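**Student:** coords please:
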Amino acid sequence: MLINQKLIPFLYNIHRNGIRLIGWFFFTDAVEKLFEIEKIKLSKETLRNWLIKEGLRERQRRRKKYRQWRERKHCFGERVQLDGSHHPWFEDRGPECVLEGYIDNATSNKYGQFYKYEGTMPAFDSLKRYIKRNGIPHSIYLDKHSTYKSTKKPIIEDQLNNRKFLSQFERAAKELGIIVSHANSPQAKGRIESSFRTDQDRLLKEMRLRNISTIKEANKFLKSYWPRHNKRFTVNPLKEDKMHRPVPKSMDLDAILCRKTEHFLRNDFTIAHNKRLYQILNKTVGKKLMVEERINGAVYIIYNGVRLKYKKITAMPLKEKSKSAFKLRKVYRPSSKHPWRNASINRLMIEKGHLQKKKVNEELILTNV
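**Tutor:** Numbers count the residues shown, from 1 in each chain. Take a look at the predicted model:
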């Protein structure tokens, strides 16, 4: 399709839902949207020069920053970068949320889900969905957020015994056979950071076009968005080998991707967990029990791989107060003629006489001097 000067005003005034379409996008994705919606085909440089000439966009000069090039991994699934992007994804249309994103280092294949916050349970849920979609990756590269790395500091005894504390996510990854490594800076995981910048531009505006304002609507839209995104940005790996492992039939992902806490069983067959008491109904159990909090909100108490029966104790029974009345004991006071009183008086008189003799002796010594 040929573009002439008569078409320029038309491009400037394209409206969708009362908001300018061109003003939303950068040049690359703006020309894609023009072709997708209006079937107008032109290059990004042509559009860029038109907008700069009319004063709708300013010419920007970017200072080049030195970055050391890092070679991609060779195989799909060899390393996956994981991070959470905090951004006003719904702008002023909906609540704040986090995009839990995954990107493959070898192919730039992207996947993600929206959640209310960045934490252990959203990380477990997103990893479960990723594994069902692609398989178990060989390694995961992420930052030192408290969700992914334990903040507990080892003491001297732990260091001598080479004991390391694991976060819930690290523990689950170890059970799945996933190698976890942590980045020391945002620049070290630049691939996922750069991908988030693309999402904060393209994905945000796609959701704006569709007036998406809830997490549920956004996750539903992502099912159709990621295939189109990966078709546009995914590259071929250096090797065709795939390092994602299928999930074994004997493996229960829900039993691994959950929050596990160990507790000691009390003498009354109860355990305390999250300020709540649970009464164990099984009669033969050990001293240490494991409490599992699943992604769906279910709570299981496990001993040697077996689920135990229990019930929640909503309120502690009140102890009955003792009804026995206190008897007042009669205080015995001896009379003035009692030997105990006489002995005390005699001792007092002897002490006073001794003090008087001592005083007289001191006065005589002073007089003689």
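
**Student:** tally of neighbours for the closest residue to residue 139 other than its chain neighbours?
**Tutor:** On the basis of C-beta to C-beta, 6 or more residues apart in numbering, the spatially nearest residue to residue 139 that is not a chain neighbour turns out to be residue 179, at 3.9 Å. C-beta: built from backbone N, CA, C; applies to glycine. Per other C-beta atoms under 10 Å, the neighbour tally for residue 179 reads 12.

**Student:** with residue 37 instead?
**Tutor:** Count around residue 37 with other C-beta under 10 Å applied: 12.

**Student:** secondary structure class for it?
**Tutor:** helix (DSSP: H, G, I helix; E, B strand; the rest coil).

**Student:** measure it to residue 31 for me?
**Tutor:** 11 Å (C-beta to C-beta, to the nearest Å).

**Student:** residue 203 now?
**Tutor:** Residue 203 is 18 Å from residue 31, by C-beta to C-beta.

**Student:** cool, and residue 111?
**Tutor:** From residue 111 over to residue 31 (counting by C-beta to C-beta), the distance is 27 Å.

**Student:** for the residue nearest to residue 139, what are its contacts?
**Tutor:** Residue 179 sits next to 138-140, 173 when contact means C-beta atoms under 8 Å, 6 or more residues apart in numbering.

**Student:** and those, which of them are in strands?
**Tutor:** Within those, residues falling in strands by DSSP state E are 139-140.

**Student:** which of the contacts of residue 179 has the largest number of neighbours?
**Tutor:** Highest neighbour count within the contacts of residue 179: residue 173, with 24 neighbours (other C-beta under 10 Å).

**Student:** among the contacts of residue 179, which one sits closest to residue 102?
**Tutor:** residue 140 (8.5 Å; C-beta to C-beta).

**Student:** what's opposite the closest one in the beta bridge?
**Tutor:** Residue 140 has these beta-bridge partners by DSSP bridges: residue 80, residue 180.

**Student:** thought residue 174 was touching it, still the case?
**Tutor:** No: at 11.3 Å, residue 140 does not count as touching residue 174 under the criterion of C-beta atoms under 8 Å.

**Student:** now the common contact residues for these two.
**Tutor:** Residues touching both residue 140 and residue 174 by C-beta under 8 Å, 6+ apart: residue 180.

**Student:** circling back: just put the contacts of residue 179 in JSON lines and tack on pLDDT and distance to residue 287.
**Tutor:** Converted to JSON lines, those look like this (pLDDT from 0 to 100; distance: C-beta to C-beta, whole Å):
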{"residue": "138", "pLDDT": "95", "distance to residue 287": "38"}
{"residue": "139", "pLDDT": "94", "distance to residue 287": "37"}
{"residue": "140", "pLDDT": "94", "distance to residue 287": "35"}
{"residue": "173", "pLDDT": "94", "distance to residue 287": "28"}
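
**Student:** between all of the contacts of residue 179, which two are separated the most?
**Tutor:** 138 and 173 (11.2 Å).

**Student:** end to end on stretch 254-270, go ahead and measure it.
**Tutor:** 25 Å (C-alpha to C-alpha, to the nearest Å).

**Student:** any idea how far it is from the chain center?
**Tutor:** 21 Å (C-alpha atoms, centre = their mean, to the nearest Å).

**Student:** how about stretch 235-250?
**Tutor:** 27 Å.

**Student:** cool, and stretch 253-264?
**Tutor:** 16 Å.

**Student:** check what contacts it and list those residues.
**Tutor:** 120-121, 124-125, 127-128, 131, 168, 171-172, 175-176, 247, 271-273, 287-296.

**Student:** alright, calling it a day.
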